[in-house]
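Visitor: I'll drop the sequence and a predicted model, then ask my questions.
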Amino acid sequence: MMSWQKFLLAYAVAALVHAPLVMADEADVLNVNAGLTMMHDNNLFRLSPTANPAALGLDGRSDTVTQMSVGLNLNKMLGRQQFIANVNFVDSSYKRNSYLDFQALNYDGKWLWAIGNRWTGDLSLDRSETLNTFSDYTSYRNRNVRVVDNQRFSANYWFHTSWAAVLGVSRTSVTNEQAFLEDSDYEASGFNYGVRYRPVSGNTATLRIKQLDGRYSKREFNVASQYDNGFSHNSIEADTSWLLTGKTQLRGRLEYLERKHDHFASRDYSGWAGNLDLVYAATAKSSLTFGYKHGLESFQLQTSSYYEADELNLGSRWEITSKISTGARLGYGKRNYQGAVVTLPAGFQQREEKFTRAGLDLGYRPARWLELKVGTNFEKRNVNDDRFDYKDRVTYFSLNAQY
């Protein structure tokens, strides 16, 4: 039986889709949006080709997911102050595996503040609620929704037309519905400071030092498995957004980080991380993006404390006409798991994995307020342990309206 939340959501979606006389305007302070997406995932649980779903208590590999959403978008200027807010309620229903159904409340809000000509900054908060991907979470019969909350405050003091001193504080909270030892719940708070350069061109370059202290939760302190209860995460970071030519923009970040744990130094790691994105807009209606990312991410088992990741991505967008658009994506990456806290058996190799991704979508906008989109995404993972190999294909259709 449909719950009252689902009934209201379905009614809101239907009302928006059947109200063509009201149109969204970029100058509107407040806009309402609604969406309906149907997805078919042919390997929802990311099972290896040799896995038997029945032996894992599963009713097959595939499922069809229906997502309905309704939201509000606010963008308001009051003098030199700008207020931006987005609130979105999403209902996800699984045709075959109904125990995975969940409703998510996602939002982000930002106050871009300014005092005089020298002080600027922002106060922001955001929340995202998603189902943990089964590529890493393998307790298949337990729904595990992950919630990430962030709060941030930053201030810039422009002591020169192009130079500013920056200071910020932040807090992050990550909670999982079920215990997830590899990427446990935690709360972290800290501060950052540095200097920013912004010439009259509008390009920016920032150098900052960041310090965070965190506490793990929803897991017991364990000496044998070296599961700690706290950590520090400190780094020095440089980032930039720079328009190289009238058509080419460079966005990049380079960071040296150190993660240390309160009691178990064998879990510590350090090194370089960052990303580089090059965006080329050949015309006003077409763009090509090339990206590279290198990361160090916590992933705690007895056989690993973190993994080192490298990714290459290529994407394109093209507005064929005022009503038709298309996009394509290609990706390749690898992960190397490191930081074992136990002696590995002879001949046992640390986990290594490679993945490829591809995607294609086609959008049609019969009216300015309405967009229909169809698409497909493909992913393949190869691991030096065949139990973790998988292939997955998702096809989808979506309908989105905004007023």
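Guide: Arrived safely.
Visitor: helices and strands of the chain: which one bottoms out on pLDDT?
Guide: Counting by mean pLDDT, DSSP states H and E, the chain has its least confident helix or strand at helix 4-17, which shows a mean of 51.
Visitor: and the next helix or strand past it?
Guide: strand 30-41 (DSSP states H and E).
Visitor: C-alpha coordinates for that following strand, CSV please?
Guide: The C-alpha trace of strand 30-41 is given here as CSV (Å, rounded to 0.1, in the frame of the first residue of the first chain):
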residue,chain,number,x,y,z
LEU,A,30,11.8,30.6,-5.9
ASN,A,31,11.4,27.7,-8.2
VAL,A,32,9.7,24.3,-7.7
ASN,A,33,11.0,21.1,-9.4
ALA,A,34,9.8,17.6,-9.7
GLY,A,35,11.1,14.5,-11.3
LEU,A,36,10.4,10.9,-12.2
THR,A,37,13.1,8.4,-13.1
MET,A,38,12.8,4.7,-14.0
MET,A,39,16.1,2.7,-13.9
HIS,A,40,16.8,-1.0,-14.7
ASP,A,41,20.0,-2.3,-13.1
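Visitor: residues in contact with it?
Guide: Residues from elsewhere that reach strand 30-41, judged by C-beta atoms under 8 Å, 6 or more residues apart in numbering: 12-13, 15-17, 24, 62-74, 88, 392-403. C-betas here are computed from N, CA, C, even on glycine.
Visitor: now do the following helix or strand past that strand: everything it contacts.
Guide: As assigned by DSSP H and E, the chain's next helix or strand after strand 30-41 is strand 63-78. Residues outside strand 63-78 that contact it (C-beta under 8 Å, 6+ apart): 6, 9-10, 12-13, 16, 29-41, 44, 82-97, 402.
Visitor: could you dump stretch 233-241 to CSV, C-alpha only?
Guide: Extracted in CSV, the C-alpha atoms of stretch 233-241 (Å, rounded to 0.1, in the frame of the first residue of the first chain):
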residue,chain,number,x,y,z
HIS,A,233,43.8,14.5,9.1
ASN,A,234,46.1,17.4,8.2
SER,A,235,47.1,18.7,4.8
ILE,A,236,48.5,21.6,2.7
GLU,A,237,46.5,22.3,-0.4
ALA,A,238,46.7,24.4,-3.5
ASP,A,239,43.8,24.8,-5.9
THR,A,240,43.0,26.9,-8.9
SER,A,241,40.3,27.8,-11.4
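Visitor: rounded mean pLDDT for that stretch, please.
Guide: For stretch 233-241, mean pLDDT is 97.
Visitor: then stretch 342-359?
Guide: Computed over stretch 342-359, the average pLDDT equals 91.
Visitor: what about W111, which helix or strand?
Guide: strand 102-115.
Visitor: buried residues in that strand?
Guide: Judged by neighbour count using 16 or more other C-beta atoms under 10 Å, the buried positions of strand 102-115 are 102-104, 106-107, 110-111, 113.
Visitor: with stretch 149-167 instead?
Guide: 152-156, 158, 164, 166-167.
Visitor: quick one: contacts of the host helix or strand of T130?
Guide: Here T130, judged by DSSP H and E, is contained in strand 119-131. Contacts to strand 119-131, defined as C-beta under 8 Å, 6+ apart, come from residues 92, 100, 102, 104-114, 143-158, 164.
Visitor: so what strands line up beside whatever helix or strand comes next after it?
Guide: Downstream of strand 119-131, the first helix or strand assigned by DSSP H and E is strand 145-157. Sheet pairing here is set by DSSP bridges, and for strand 145-157 it gives strand 119-131 (antiparallel), strand 163-176 (antiparallel).
Visitor: can I get the last one in CSV, CA atoms only?
Guide: Yep, that's strand 163-176 we're talking about. Extracted in CSV, the C-alpha atoms of strand 163-176 (Å, rounded to 0.1, in the frame of the first residue of the first chain):
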residue,chain,number,x,y,z
TRP,A,163,45.0,39.2,-2.6
ALA,A,164,43.1,37.9,0.5
ALA,A,165,43.8,36.1,3.7
VAL,A,166,41.4,33.2,4.1
LEU,A,167,40.2,31.5,7.3
GLY,A,168,37.6,28.7,7.6
VAL,A,169,36.1,26.2,10.0
SER,A,170,34.2,23.0,9.2
ARG,A,171,32.4,20.0,10.6
THR,A,172,31.5,16.7,8.8
SER,A,173,29.4,13.9,10.0
VAL,A,174,29.1,10.5,8.2
THR,A,175,26.6,7.9,9.5
ASN,A,176,25.6,4.5,8.0
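Visitor: separation between the residue sitting nearest the centre point of the chain and N86?
Guide: In the chain, the centroid-proximal residue (C-alpha atoms, centre = their mean) is S128; its distance is 8.8 Å. Plainly put, S128 is 11 Å away from N86 if you go by C-beta to C-beta, to the nearest Å.
Visitor: gap between the two ends of stretch 114-124?
Guide: End-to-end distance of stretch 114-124 (C-alpha to C-alpha, to the nearest Å): 14 Å.
Visitor: buried set for it?
Guide: 120-122, 124.
Visitor: E308 bridge partners, please.
Guide: Counting by DSSP bridges, the residues bridging with E308 are L296, N336.
Visitor: distance between the ends of stretch 282-290?
Guide: 14 Å.
Visitor: got the buried residues for it?
Guide: Buried-residue list, stretch 282-290, by 16+ other C-beta under 10 Å: 287-289.
Visitor: how far does that stretch sit from the chain's center?
Guide: 23 Å (C-alpha atoms, centre = their mean, to the nearest Å).
Visitor: ok, and what's touching the host helix or strand of D310?
Guide: Element membership for D310 (DSSP H and E) is strand 306-319. Contacts with strand 306-319, where a contact means C-beta under 8 Å, 6+ apart, come from 259, 269, 271, 285-300, 325-339.
Visitor: which one among the buried residues of strand 102-115 gets closest to F348?
Guide: Within these, proximity to F348 (C-beta to C-beta) peaks at F102, which comes in at 37.4 Å.
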